[in-house]
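Visitor: Sequence first, then the predicted structure, then my questions.
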Amino acid sequence: MNFFSSKSSIIMTSVLVVLALLCVILGVTAIGGNNKYKDLESQLEQKNFENSQMSDKLSSAEQENESLKSSVSDLESQNNSLTEENSNLQSQNSSLKQENSALKVKPTSSKNNTGTSQNNSTPTEKGKVCYLTFDDGPSNNTLKIIDILAEYNAKATFFVVGSGKTQYIKNIHEAGHAVGLHANVHDYKTIYASEEAFLADLNKISATVESYTGQKSMLTRFPGGSSNTASDFNPGIMSRLTKLLPSMGYSYFDWNVDSTDASAAKMATSTIVNSVIDGAKNKRVICVLFHDAAGKTTTVQALPQILKSLSDMGFEFKALTTESNGFHHGVRN
């Protein structure tokens, strides 16, 4: 009995020893696992910290990029402003040169491009000269304009288009006015597509004018003026054309007084009158832009008052010739 009891005690003790060893082993494993977990957790925290730093750097870079964009936009705005200011200064310089030239040149008698003998010179020291110009005709208004001009013994220049009532070109010519070339087809995309396209159009309207007057006109006005931006789809076309036409013997003309009659389908008569009179102040030589299109009835209505007011201001009304100053704008394309 004691033997078995002793043997049981030994077995129990062995079991307890084994269990104790297992507990020790499990404890060590648990501690190791816990340490590994803590290592992973530490690494994760490090990664989060690094990501946070990268995020801060990215945010800073984005802010810097936005600041640079704003600076570029400001510079572009300043450049556009300087370009416009330069264009205005060029226009003012051109106007001053015209007036200076007018003061120096004595009047001489010459024939204009219509063949009519008349005094088309720039003014003497005491005189003033006004060049009245009418674009986009002839139209149903043309004969009315000719009659009004006759009442004031005024000569003018008509820059005609091929789509107008071209039969009135003969009336313009016979009344002693100058006939200039504007466009055969007044469409920017067509005429400013290339130098070749422009010259092809110019040759057509030139042939039409010559068929009614018997003379080749060398007076031209670019649709939109030499400073137009409607031709921007063909970069540099105006810079090239403003050099090409003079080399071919043509004289092109802009203006330094705008009647503003093209700013609306039917501009108020009083607005047209005031625009011309205000624009003529403090100038000795003016080239006035009007339009002779069919819808410009208020231009016809404003003309008598304009002629009277300008005459009272001391202006003589003359037609342009190839010797007249060009009143050139600053080219913007």
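Guide: In hand now; what should we look at?

Visitor: Pass me the low-pLDDT residue ranges in the stretch 101-250 of the chain, would you?
Guide: 101-126 (pLDDT under 70).

Visitor: What ranges does it have for its helices?
Guide: Counting by DSSP state H, counting those that start in this stretch, the stretch 101-250 of the chain has helices at residues 142-151, 169-174, 188-191, 195-213, 237-247.

Visitor: how's the protein carved up into domains?
Guide: Following automatic domain parsing, the chain resolves into domains at 1-104, 108-317.

Visitor: looking at these, which is buried most?
Guide: Of all the domains of the chain, domain 108-317 carries the top mean neighbour count, a mean of 19, counting by mean count of other CB atoms under 10 Å. In this view, the C-beta of every residue, glycine as well, is placed from N, C-alpha and C.

Visitor: List the contacts of Asp232.
Guide: Asn333 (CB atoms under 8 Å, 6 or more residues apart in numbering).

Visitor: how near is it to Asp258?
Guide: 21 Å (CB to CB, to the nearest Å).

Visitor: again, but for Pro304
Guide: 19 Å.

Visitor: circling back to that earlier point, can you add distance to Glu41 and give the helices of the stretch 101-250 of the chain back as CSV?
Guide: Formatted as CSV, those follow (distance: least, CB to CB, whole Å):
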stretch, distance to Glu41
helix 142-151, 94
helix 169-174, 95
helix 188-191, 71
helix 195-213, 76
helix 237-247, 71
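
Visitor: Please identify which of the ones you listed is closest to Leu181.
Guide: With respect to Leu181, and counting by CB to CB, the nearest of these is helix 195-213 at 5.1 Å.

Visitor: who's in contact with that closest one?
Guide: By CB under 8 Å, 6+ apart, the list of residues contacting helix 195-213 reads 114-115, 160-162, 166-167, 169-170, 173, 179, 181-185, 190-192, 216-217, 220, 237, 240-241, 244.

Visitor: Where do the strands of the stretch 201-333 of the chain begin and end?
Guide: Counting by DSSP state E, counting those that start in this stretch, one finds strands in the stretch 201-333 of the chain at the ranges 219-220, 251-252, 257-258, 285-291, 315-317.

Visitor: got these as JSON lines, with distance to Val15 columns?
Guide: What follows is those, written out as JSON lines (distance: least, CB to CB, whole Å):
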{"stretch": "strand 219-220", "distance to Val15": "120"}
{"stretch": "strand 251-252", "distance to Val15": "119"}
{"stretch": "strand 257-258", "distance to Val15": "116"}
{"stretch": "strand 285-291", "distance to Val15": "119"}
{"stretch": "strand 315-317", "distance to Val15": "131"}
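
Visitor: Good, we can wrap up now.
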